[in-house]
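Asker: Got a sequence here, can you build the structure:
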Amino acid sequence: MRGGERVLERVLRQFPEADLFTHVYDPDAVSDIIRNRKVQTTFINDLPFARRFYKHYLPLMPMALESLDLSGYDLVLSFEAGPAKGALAPPTALHVCYCHSPMRYLWDAQADYRRSAGPLPRALMSILFPPLRVWDYATAARVDGFIANSDFVRRRIRRAYGREATVVHPPAAIEAFKPSAQVGEEYLWVGQMTPYKRGDIAVDAFNRLGLPLRMVGGGEMQRKLKASAQSNIRFSDNLSFAELRDAYATCKGLIYTAEEDFGIVPVEAMASGRPVLAYGRGGVLDTIIPGRTGQFFDDQTADSLVAAVRDFEAWLPTFDPQNAVARAARFTGERFDDTFMAALRRFAVGHPEVLDRLAGPISLPPIEKELAEP
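Answerer: A predicted model of the protein is given here:
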């Protein structure tokens, strides 16, 4: 149950009779809202170890998607950070894709994946990725309308597929977080300790600064990061939600080193009344207001973060927690519901049988206005 599943939950509330199609399904890993729906899987679900190693079946996913029978549906919604939009909707149906990200390993992050892979995976990438890119680009033509989860992803959709997209930010559980009167001296880092999250930058920078830092999360890099961290850095994993909520609310500030397509963690920190110091690329440009709810650092390096933390320390006395709380309130589930449905109505104008079911006025503001509002 990560960000993509939370988006799906909100959409299912709007479409109580919708059926679900997916490659691999584990009922025990999802919420009741999803589990109570009719779920149909592709043949990948029946392959060996599919629940754990489904990503290894990527080369089969185009065939699996195109084998789905979607006849009889007049509205198809695909949600992808992978190849979901390749499903074949009926000719008369409206197909809208909510894109968390074009496939990073096929497009802008291909070099990063190749560098971190072993010799055999790199060889397979050279063979498999070119035809997958051709297929992924071609399937963009099957979509009537794209919705992006941030302006960063909107620009990536344009670059990868030559298509424009409407921005609808994903929902965050804002109501679950509250500010605290007891704020400590410890900075906070939250996320999976995988290479692209760049937890190594935080460890290197705080080793030099000597300031207290708490690293929350597990992952393949955790052992390496622990080994390189000095005594001012502590590690926590498997926190309960109550413990994580308390960590947000009492930290001095959140350190965010990843380049994310959107990034729920900074929004949760702001909802807790705390400022964010983030690498200034990706979805954080939609969420953080520099000088009001946080600051950015320019380069994804420890040197840049060290300098930024020193500036951040000088800025902190002027920070007002209510500014952060007010900003986070723009990313509620209710706001997502309104903007998502308004986008669907806009795309459905040429599909009267769908538009009749999507009641209400079309009132989605232009992207430029949305991003300019504090």
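Asker: Going by C-alpha atoms from here, please, whenever you check contacts or count neighbours.
Answerer: Fine.
Asker: distance between stretch 182-193 and the chain's centre?
Answerer: The chain centroid and the centroid of stretch 182-193 are separated by 20 Å, computed with C-alpha atoms, centre = their mean, to the nearest Å.
Asker: And it, what's buried?
Answerer: Along stretch 182-193, these residues count as buried under the neighbour rule (16 or more other C-alpha atoms under 10 Å): 183, 186, 187, 188, 189, 190, 191, 192, 193.
Asker: cool, and stretch 326-342?
Answerer: Quick answer for stretch 326-342 (16+ other C-alpha under 10 Å): 327-333, 335-337, 339-342.
Asker: Do me a favour and get the end-to-end distance for that stretch?
Answerer: 23 Å (C-alpha to C-alpha, to the nearest Å).
Asker: now that stretch, how far from the chain's geometric center?
Answerer: 15 Å.
Asker: ok, residue 194 - contacts?
Answerer: 219, 220, 221 (C-alpha atoms under 8 Å, 6 or more residues apart in numbering).
Asker: do residue 259 as well
Answerer: Counting by C-alpha under 8 Å, 6+ apart, residue 259 touches 196, 197, 279, 280, 281, 282, 283.
Asker: about what we covered before: any idea which of the contacts of residue 194 has the most stuff around it?
Answerer: Within the contacts of residue 194, most neighbours by other C-alpha atoms under 10 Å means residue 221, with 16 neighbours.
Asker: mind checking pLDDT for the nearest residue to it once chain neighbours are set aside?
Answerer: Closest residue to residue 221 apart from its sequence neighbours, by C-alpha to C-alpha, 6 or more residues apart in numbering: residue 193 at 5.2 Å. For residue 193, the model assigns a pLDDT of 93.
Asker: Doesn't residue 193 lie inside a strand?
Answerer: No. Membership of residue 193 in a strand is not supported by DSSP: H, G, I helix; E, B strand; the rest coil, which gives coil.
Asker: The helix or strand hosting residue 346: what's the following helix or strand?
Answerer: Following DSSP states H and E, one finds residue 346 within helix 333-347. Scanning forward in sequence from helix 333-347 by DSSP H and E, the next helix or strand is helix 352-355.
Asker: in that next one, what counts as buried?
Answerer: So helix 352-355, judged by 16+ other C-alpha under 10 Å, has buried residues 354, 355.
Asker: Could you do stretch 71-85 as well?
Answerer: Quick answer for stretch 71-85 (16+ other C-alpha under 10 Å): 74, 75, 76, 77, 78, 79, 80, 82, 83, 84, 85.
Asker: Same check on stretch 208-228?
Answerer: Buried residues in stretch 208-228 (16+ other C-alpha under 10 Å): 212, 213, 214, 215, 216, 217, 218, 221, 222, 225, 226.
Asker: Which members of those define the maximum pairwise distance?
Answerer: Using C-alpha to C-alpha, the two most remote members of the buried residues of stretch 208-228 are 212 and 221, lying 20.0 Å apart.
Asker: coming back round to it: who are the packing partners of the helix holding residue 346?
Answerer: The contact analysis (3 or more C-alpha pairs under 8 Å, 6 or more residues apart in numbering; DSSP states H and E) places helix 333-347 against helix 3-14.
Asker: Next, the angle from the helix it packs on to helix 333-347.
Answerer: Angle of helix 3-14 versus helix 333-347, following axes from the mean of the first three to the mean of the last three C-alpha atoms, to 10 degrees, is 70 degrees.
Asker: thought residue 31 was touching residue 1?
Answerer: Yes. If you go by C-alpha atoms under 8 Å, residue 31 and residue 1 touch, sitting 7.3 Å apart.
Asker: my guess is residue 173 contacts residue 333, does it?
Answerer: Yes. With contact defined as C-alpha under 8 Å, residue 173 reaches residue 333; the gap is 7.0 Å.
Asker: Make JSON lines from the contacts of residue 194 and add distance to residue 244 to it.
Answerer: Output for the contacts of residue 194, formatted as JSON lines (distance: C-alpha to C-alpha, whole Å):
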{"residue": "219", "distance to residue 244": "17"}
{"residue": "220", "distance to residue 244": "21"}
{"residue": "221", "distance to residue 244": "20"}
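Asker: for the protein, longest helix please?
Answerer: helix 119-139 (DSSP state H).
Asker: Please work out the average pLDDT along the helix or strand just after that one.
Answerer: Using DSSP H and E, the helix or strand that follows helix 119-139 in sequence is strand 145-148. Strand 145-148 carries an average pLDDT of 96.
Asker: Paired strands for strand 145-148, with orientation please.
Answerer: Strand pairing for strand 145-148, determined by DSSP bridges: strand 94-99 (parallel), strand 165-167 (parallel).
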